[in-house]
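# Pasted the sequence and its predicted model underneath.
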Amino acid sequence: MSDSMARELCEFARSLFDRGLTSGTSGNISMRLPEGGFLVTPTNASLGRLVADRLSRLDEAFQPVGGDPPTKEIPLHRAFYQTRGARAQAVVHLHSPHAVALSTLAHTDPQDVIARLTPYPIMRLGSVPRLGYLRPGDPLIETAIAALEGRCKAVLLANHGPVVSDLSLAAAVSAAEEFEDAARLMFLVRGHACETLSDADVAMLRNHFGSI
């Protein structure tokens, strides 16, 4: 099972890289293994050139047990797994351009940085808080995410980029794509008068599609 999951992770990673949703050696991905532990992209590895049998393997205490050394961003992945439990089966952290650009802006509502322009980010991401800037790999990122107590499936790291967790790797990748599309749309309409969804519209969506 873990071999097929490793191949799946490499395929999704290559797709994200090929479409410009992360570049160079930026971005990292992890997923739970059914036998316990985690599969994680290695440090300084391009998502476009991963090798399945060189992916990092961690035990349930997030200690390396095989493969290449893991990404330095283990703290942010661990925070989602520990606070969201079974709702986090995979975590995707990208440097997708529009979401990164969004992370640099001052926001009127840092507890929910994605404008209510369409239903889909609300359905797929819920409320997305912007967390204050910390250097990549800083253990305090874990503390900041843990402080949300599992309420959010996605966050935007200030001057850094988006992180999304979900019930499967496919779902996490899809939600990360939705994050980038929502950020791109915000820049497309910036400076224009827009009609946004009302609080009642948002409540109806959350009631109909369930909690994140």
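Looks like it arrived, so ask away. Numbers count the residues shown, from 1 in each chain.
# which element is Tyr120 on?
helix 119-124 (DSSP states H and E).
# for that helix, packing partners?
Here helix 119-124 touches helix 169-188, helix 199-209, going by 3 or more C-beta pairs under 8 Å, 6 or more residues apart in numbering; DSSP states H and E. Every residue, glycine included, has its C-beta placed from N, CA and C.
# Next, the buried residues of the first one.
Neighbour-count burial for helix 169-188, counted by 16 or more other C-beta atoms under 10 Å, picks out 169, 171-183, 185-186.
# average pLDDT for it?
Average pLDDT, helix 169-188: 97.
# Run through who's touching stretch 40-48.
Outside stretch 40-48, the residues that touch it by C-beta atoms under 8 Å, 6 or more residues apart in numbering are 9, 13-14, 16-18, 22, 24-30, 50, 54-58, 67-72, 74, 77.
# pLDDT below threshold where in this structure?
Scanning the chain for pLDDT under 70 picks out the ranges 1.
# need the strands for this protein, in chain order.
Counting by DSSP state E, one finds strands in the chain at the ranges 28-32, 38-40, 56-58, 64-66, 90-93, 130-131, 154-157, 161-166.
# Turn those strands into TSV, including distance to Arg190 and mean neighbour count.
Shown next, in TSV, are these (distance: least, C-beta to C-beta, whole Å; neighbours: other C-beta atoms under 10 Å):
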stretch	distance to Arg190	mean neighbour count
strand 28-32	29	26
strand 38-40	36	24
strand 56-58	39	20
strand 64-66	43	14
strand 90-93	25	30
strand 130-131	17	21
strand 154-157	17	26
strand 161-166	18	28
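# Quick one: closest of the helices and strands packed on helix 119-124 to Arg116.
Proximity to Arg116 (C-beta to C-beta) singles out helix 199-209 among the helices and strands packed on helix 119-124, at 6.3 Å.
# Number of residues surrounding the nearest residue to Cys10 once chain neighbours are set aside?
Setting aside the residues directly before and after it, Cys10 is nearest to Leu50 in space (C-beta to C-beta, 6 or more residues apart in numbering), at 4.4 Å. The tally of other residues near Leu50 (other C-beta atoms under 10 Å) stands at 22.
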